[in-house]
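[1] pasted the sequence and its predicted model underneath.
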Amino acid sequence: MSAFMLNYFSSLLSFPKVSSFVTALFAKIVNIRKFDYTHKVLVLLVYNPLL
């Protein structure tokens, strides 16, 4: 990731309104895909040490 992108995202996250919007959006996506996400994390946790 370039320095410009890093600066852009860090400045984006410094705005509380944008930050809360992103958080709400992320929460919505996670709620929609909670089972799928949890399943993937469990698979990663279980299978990664074995690989």
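    Yep, it's here.

[2] give me the mean pLDDT for the helix or strand harbouring Ala27.
    If you go by DSSP states H and E, Ala27 is part of helix 16-32. Taken as a whole, helix 16-32 has a mean pLDDT of 75.

[3] show the subsequent helix or strand relative to it.
    helix 34-47.

[4] quick one: contacts of that following helix?
    Val30 (C-beta atoms under 8 Å, 6 or more residues apart in numbering). In this view, the C-beta of every residue, glycine as well, is placed from N, C-alpha and C.

[5] now do the buried residues in it.
    Within helix 34-47, no residue is scored as buried using 16 or more other C-beta atoms under 10 Å.

[6] export that helix as CSV, just CAs?
    Extracted C-alpha coordinates of helix 34-47, given in CSV (Å, rounded to 0.1, in the frame of the first residue of the first chain):
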residue,chain,number,x,y,z
LYS,A,34,-21.9,-13.4,10.5
PHE,A,35,-22.3,-17.1,10.1
ASP,A,36,-20.1,-17.2,7.0
TYR,A,37,-17.5,-15.0,8.6
THR,A,38,-17.4,-17.0,11.8
HIS,A,39,-17.2,-20.3,9.8
LYS,A,40,-14.2,-18.9,7.9
VAL,A,41,-12.4,-17.8,11.0
LEU,A,42,-13.0,-21.1,12.7
VAL,A,43,-11.7,-23.0,9.6
LEU,A,44,-8.6,-20.7,9.6
LEU,A,45,-7.9,-21.2,13.3
VAL,A,46,-8.4,-25.0,13.1
TYR,A,47,-6.6,-25.7,9.8
